[in-house]
Structure formats: C-alpha cells, structure tokens
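**Student:** Have a look; sequence and predicted model below, questions after that.
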Amino acid sequence: MRLAQFIWAAALVIIGARAQTQSLPECSSSCLAQLLPQSPCSASDQECICTNVGLNRNLEVCVAANCTVKEGLTTLNVTNTECGAPIRDQTALSIVLPAVGFGALILVAIRVYTRLAVTAPGLGLDDWATILLACCTIPVNIGSILLGIAGLGKDIWTLEFDKITRILYLFYIQEIIYIFCVALTKICLLLFYLRIFPSSRMRLVIKVSCAVTFAYCIAFMFALAFQCSPVSYNWNGWDGEHEGTCVQKNTLVVTAAALNIVLDFWVIALPIPKVLRLQASITTKLQVIFMFSVGFLITGVSIYRTVMLKIFATSSNATWDQAAGGYWSVIEVDVGLLCICLPALRSLLGHLLPSVFGSTKETSSAGQPLSNLSASQGRARLSVARGGGAHDNASFTQLIEMDHPASLKSSG
C-alpha cells in the first residue's frame, strides 16, 4: 500500500513512548520493533522518524507484507495523525456541483414549454428523449451528493470501513448510469438532427450514428455491470477478505471514455458543415454554429474526466484519487443536458426578442422574408424540404425552429 510522504514510523514510536501502542495493530508494532534499531533515528527524535526515507520505505514493505488491508489503513490513520499530516477534504465538490444538474432541469422545463407553446404543435422524439435524460440525471446528482456525504474526496485511511464499502458501491452504480446518460445525450442530439435535416443522405447518417451510439451504450453498460465476478466484488473486494476476480478495470474505463470522446466529436460536428451552407445572414450562422459548438464543452469535460480516471484501477487511495473522476462525470452529464436544451432556448429568445434572435432579414428562395410566409406556404416549404433538393438550405433555418415559427402555429 502506498504511504506517500506521510511516514508511519514517527507515530509508531511516539505512540509507543506515550503508552498508546494499543491503538496500533500488532503487526505494525512488530515491524517498528524490528526496523527502528536499524535506522539512524532515536526513539525521541520525532522529526527524524517522520522524515527518514529509508525507515519509511522499510516500514511500508514490512506492513504491506504482514498486515491486512484494514490493519494497514488503521496504521496510516494513526501515524498520519501523530506526524501532523494535513487532513485533505474535497467532499464539498461532490455535494455542491449537482446544483448545476438541478439547474439544467429548469432548462428542460423551458424546452418543453417552448415546444408546446412557442414552436412545434407537440413534443417530438428528441423532446421525449430529453425528458428521459433529465429523469436519469436526477439519480446521478443525488448519487454524487451521497458519495460526498459518505466521504468521497477524503483519504481512504480516514474513513470508517463501512463507508469505504458504501462509496465503492455507489461509485459502481454511478458508472453504469453515467454510460447510459452520456449515450442518451448523443441520441437526443441525433434525434434533434433527424427532426431538422431534410436530406435523405444526412438522415441515413444520423440513423446509423444513433445505432452505433446505442450499441456503445449497451456494450459498456453490460461490461461495467459485470466487470467483476461476483458482482459484489466491485465494492467489497477492497478489503482482501472476499474472493473474486475483475477484468482490467483501467483498460475498460479508459476504452469507454476514449470511444465516448470520439462519438462526442462526431455527433457535435455533424451539423456544422450543413449550417455553413445555409442561405442565412452571417449573424444567424454564427449564432447557430456557436449554439452547436457549445457541445464541444461536453467533449472537453469528457477529455478532462478521462485524465482524472487514468489511475482508476491502480490507486490504493480510491476515495481520494477517484473523487475528481467522479464529480467530473456528473459535470459532463449535467453540461450535456444543458447543451441539448440550447436550441429550444434560442427559439424562445427568438420569440421574445425577434430583433436580436429572430431572422426577419433572411429570405426564402423566392426572395420573400421567411417570417412573412403564411402557414400553408410554410408547410409546403417543409414538405418540399423533406424531399431534399435545392430548397434544403433555404428551409433549414425554419426547420430548426429559429425563424420565429410561432407565426406558423398561430396561423394554423
């Protein structure tokens, strides 16, 4: 077990001198009795005992060989306390950051309102998928809070043993829900693209992308759920008292994260070339491209999360080392939900502030402002657009509900 810079020896000797050796496991006391005479430190020299590298290294090897995991953690807790090691605590991040997720639920409500009252006559598949995603983010954010309360973000040797098991159990559940959420985020975006892109070729690409994302979701949810045998070994195998086996967790987690990043890039970049060919004002193009490009924030968070997870399966201080990967996973899910609600938010802003977010300066292929089209003309243009052809670009802005389509609804 890695002892880092917090030395065992000091407290072992000092505690012995204070007649408090009963607080230490017998195996640790035996190691000290064997190794101290071989070191240059005297029993009364606390600074030497706390900082002597050789003594620390030998004690580390001895305790790892002769003590159980729980005895080693107990020894670490006592020695770090006696040597004055700083108490590290980042649990607040896991507890506070879910506020972003609960804020995202407000945007989901705005999206539903916009679809029902401002733009479309009802909810589409992408809207229902977004509602499902919002429901799934709730246990993710609650789980983050529970992890923080249990002690994720503290050094493992400072925690009670049952809390370590609880953290690993919650983390296991979070892993599976996380995969479902990030895959569903991509599917929400793809279903949105399916709503707005009329080109048959583009729609085929979108459908294939949906299938690939769905396959990714099923494959890695299954792999993570059964990465250990028995399954309970995921959360109780840490203590060395249970029998079981696991696959190479680090390889599994990093592979899932890498494929997630690749899919992020693909899904988010997919509409940008089409937007660049819009028959629209530069301002509107920039607004739309910015809106889609914000999705790259998801990718950035995912990349950083992958860096945080690189020591996922090799750490001996899991409750500290996995904390960053844990709360960055929650951030990624929450930011994803925020991003897929941006188009509907822009539609609402276009309705409330048409001079800023509307598109009254854009024209149809016949030179008529899109906002002045009648309802029947608008429906006809949508029909033509879905058939593909030269009108695809001219109809695209209207299709993505950014041209103040409330006029269509009110006229119909």
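**Tutor:** Sure, I can see it.

**Student:** first to last residue in stretch 46-59, what's the distance?
**Tutor:** For stretch 46-59, the first-to-last residue distance is 16 Å (Cα to Cα, to the nearest Å).

**Student:** Counting neighbours, which bits of it end up buried?
**Tutor:** Of all the residues in stretch 46-59, those buried under the rule 16 or more other Cβ atoms under 10 Å are Gln46, Cys48, Ile49, Cys50, Thr51, Asn52, Leu55, Asn56, Asn58, Leu59. Just so you know, the C-beta spots here come from the backbone N, C-alpha and C atoms, and that holds for glycine as well.

**Student:** And stretch 116-131, by the same measure?
**Tutor:** The neighbour-count check on stretch 116-131 (16+ other Cβ under 10 Å) flags Val118, Thr119, Ala120, Asp126, Asp127, Ala129, Thr130, Ile131 as buried.

**Student:** Isn't the fourth one up against Cys188?
**Tutor:** Read that as Asp126. Yes: between Asp126 and Cys188 there is a contact at 5.7 Å, judged by Cβ atoms under 8 Å.

**Student:** Looking at the buried residues of stretch 46-59, spot the one nearest Leu24.
**Tutor:** Taking Cβ to Cβ as the measure, Leu24 lies nearest Leu59 of the buried residues of stretch 46-59, at 11.9 Å.

**Student:** and the strand or helix carrying that closest one, what does it pack onto?
**Tutor:** For Leu59, the host element (DSSP states H and E) is helix 53-66. If contacts are counted by 3 or more Cβ pairs under 8 Å, 6 or more residues apart in numbering; DSSP states H and E, helix 53-66 sits against helix 9-17, helix 26-35, helix 69-82.

**Student:** Where does pLDDT dip in the stretch 201-350 of the chain?
**Tutor:** By pLDDT under 70, the low-scoring segments of the stretch 201-350 of the chain are 278-281, 284-285, 287-289, 291-295, 309-314, 346-350.

**Student:** could you pull out the strands for it?
**Tutor:** With DSSP state E, counting those that start in this stretch, the ranges of strands along the stretch 201-350 of the chain come out as 228-229, 245-246.

**Student:** Just put those in TSV and tack on mean neighbour count.
**Tutor:** Below are the strands of the stretch 201-350 of the chain laid out as TSV (neighbours: other Cβ atoms under 10 Å):
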stretch	mean neighbour count
strand 228-229	16
strand 245-246	12
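
**Student:** What count of nearby residues applies to the residue nearest to Pro25 when sequence neighbours are not counted?
**Tutor:** Among residues not flanking Pro25 along the chain, Glu71 sits closest, at 3.9 Å (Cβ to Cβ, 6 or more residues apart in numbering). For Glu71, the count of nearby residues is 16 (other Cβ atoms under 10 Å).

**Student:** Isn't Glu71 up against Ser28?
**Tutor:** Yes: with contacts counted by Cβ under 8 Å, Glu71 reaches Ser28, the gap being 6.9 Å.

**Student:** sorry, back to before: next step: the buried residues of stretch 116-131 restricted to helices.
**Tutor:** Secondary structure assignment by DSSP state H places Asp126, Asp127, Ala129, Thr130, Ile131 of the buried residues of stretch 116-131 in helices.

**Student:** how near is the third one to Leu337?
**Tutor:** Distance of Ala129 to Leu337, computed by Cβ to Cβ, to the nearest Å: 11 Å.

**Student:** residue closest to the middle of the protein?
**Tutor:** Ser329 (1.9 Å; Cα atoms, centre = their mean).

**Student:** tell me the contacts of that one?
**Tutor:** Ser329 makes contact with Val140, Gln174, Tyr178, Arg305, according to Cβ atoms under 8 Å, 6 or more residues apart in numbering.

**Student:** For the residues you listed, work out which two are farthest apart.
**Tutor:** Taking Cβ to Cβ, no two of the contacts of Ser329 sit farther apart than Val140 and Arg305, at 13.4 Å.

**Student:** what residues are up against Ala256?
**Tutor:** So Ala256 contacts Ile179, Phe220, Ala223, Leu224 (Cβ under 8 Å, 6+ apart).

**Student:** Can you tell me which of the residues you listed are buried?
**Tutor:** Among those, those scoring as buried are Ile179, Phe220, Ala223, Leu224 (criterion: 16+ other Cβ under 10 Å).

**Student:** The third one and Val253 touch, don't they?
**Tutor:** No: with contact defined as Cβ under 8 Å, Ala223 and Val253 do not form a contacting pair (9.7 Å).

**Student:** sorry, back to before: what touches both of Glu71 and Ser28?
**Tutor:** By Cβ under 8 Å, 6+ apart, Glu71 and Ser28 have these common neighbours: Val63.

**Student:** related to what we said a few turns ago, let me have the buried residues of stretch 116-131 in CSV, extended by distance to Cys228 and pLDDT.
**Tutor:** Putting the buried residues of stretch 116-131 into CSV (distance: Cβ to Cβ, whole Å; pLDDT from 0 to 100) gives the following:
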residue, distance to Cys228, pLDDT
Val118, 49, 75
Thr119, 47, 71
Ala120, 46, 64
Asp126, 36, 90
Asp127, 38, 91
Ala129, 31, 95
Thr130, 33, 94
Ile131, 33, 95
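
**Student:** what's the most distant pair in those residues?
**Tutor:** So, the buried residues of stretch 116-131 by Cβ to Cβ: farthest apart are Val118 and Ala129, at 19.6 Å.
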